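*Asks:* A structural model of the following input is requested.
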Amino acid sequence: MNYLLQGLLLGLAYVAPIGMQNLFVINIAIRGDFYKALQVAWTTVFFDILLALSCFFGIGLLIEHNTWLHAGFLLIGAVVVVFIGIRLMQAAANAVLISDDSTQSISFGALAAACFTSTWLNPQAIIDGSLLLGGFRASLPPDMSGYFITGVCLASFTWFSSLAMVTHFFHARMTNQLIVWINRICGAVIIFYGLKLGVSFIQFLFSTIP
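*Replies:* This is a model prediction of the structure:
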């Protein structure tokens, strides 16, 4: 139980800071559709748990030690993330709280692709997750690692489900103008993340050129 609790607390500390995943969950859940709020939360949980398991078992270290794979993740991540941010800011001008059906036009495929992008095309999250979870795994007794990673997975489920539900139930108090500004701020932050990845890609190239 002690190792399960450690994993839960570490997992919450890892996913709670505002990042691409949180921004995307908030942006979808804020539109008022209960089904979509659950859908985006649990799809994000699915990809986040896959990433946590992969980091725990070392895939991030493979990316970190493979020069071209690392560079490819940085470049693709930068382009895709900036594109998502621009699309979000463009949509901000048309953000209107019409009804609880306002997100029905978003297909599950598009939703899953965006959740995948916000999780798996973020090289920094993969590397940081690998160093964090991998480091803890090295310090755990072999027979306790299962309890620890289970706690991390529970943290992901608890956090994103709670975030989507709280956002959904309080969205009625938000005006259209507030939604527009939230979309704009979220889009700007996401673009910043993308540009930061682009800078990291350029720095990485210069660091590898003799």
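*Asks:* residue ranges for the helices of this structure, please.
*Replies:* 2-15, 20-29, 34-56, 59-65, 67-92, 108-120, 123-139, 145-170, 176-208 (DSSP state H).
*Asks:* Can I get those helices in JSON lines including mean pLDDT?
*Replies:* Shown next, in JSON lines, are those (pLDDT from 0 to 100):
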{"stretch": "helix 2-15", "mean pLDDT": "85"}
{"stretch": "helix 20-29", "mean pLDDT": "81"}
{"stretch": "helix 34-56", "mean pLDDT": "90"}
{"stretch": "helix 59-65", "mean pLDDT": "63"}
{"stretch": "helix 67-92", "mean pLDDT": "74"}
{"stretch": "helix 108-120", "mean pLDDT": "85"}
{"stretch": "helix 123-139", "mean pLDDT": "70"}
{"stretch": "helix 145-170", "mean pLDDT": "90"}
{"stretch": "helix 176-208", "mean pLDDT": "77"}
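*Asks:* Dump these to CSV, plus mean neighbour count.
*Replies:* (Each C-beta comes from the backbone N, C-alpha and C, glycine too.) Below are the helices of the chain laid out as CSV (neighbours: other Cβ atoms under 10 Å):
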stretch, mean neighbour count
helix 2-15, 18
helix 20-29, 23
helix 34-56, 21
helix 59-65, 16
helix 67-92, 18
helix 108-120, 17
helix 123-139, 18
helix 145-170, 19
helix 176-208, 16
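*Asks:* so what's Ser156 up against?
*Replies:* 11, 15, 45, 48-49, 52 (Cβ atoms under 8 Å, 6 or more residues apart in numbering).
*Asks:* Which residues are in contact with the residue nearest to it when sequence neighbours are not counted?
*Replies:* Closest residue in space to Ser156, ignoring its immediate chain neighbours: Asp48 at 4.6 Å, by Cβ to Cβ, 6 or more residues apart in numbering. Neighbour list for Asp48: 15, 21, 119, 156, 160 [criterion: Cβ under 8 Å, 6+ apart].
*Asks:* do that again at 10 Å, thanks
*Replies:* 11, 14-15, 21, 115, 118-120, 125, 129, 152-153, 155-157, 159-160 (Cβ atoms under 10 Å, 6 or more residues apart in numbering).
*Asks:* Repeat that for Ala112.
*Replies:* By Cβ under 10 Å, 6+ apart, the neighbours of Ala112 are 39-40, 43-44, 46-47.
*Asks:* rerun at 8 Å
*Replies:* So Ala112 contacts Thr43 (Cβ under 8 Å, 6+ apart).
*Asks:* Count the residues that sit near Asp143.
*Replies:* Applying other Cβ atoms under 10 Å, we find 8 residues neighbouring Asp143.
*Asks:* Relative to Tyr3, how far out is it?
*Replies:* Separation of Asp143 from Tyr3 (Cβ to Cβ, to the nearest Å) stands at 10 Å.
*Asks:* ok, now Val15?
*Replies:* Distance from Val15 to Tyr3, by Cβ to Cβ: 19 Å.
*Asks:* Same question for Met89.
*Replies:* With Cβ to Cβ as the criterion, Met89 and Tyr3 are 43 Å apart.
*Asks:* so Gly151 touches Leu5, yeah?
*Replies:* Yes. Using Cβ atoms under 8 Å, Gly151 makes contact with Leu5 at a distance of 6.4 Å.
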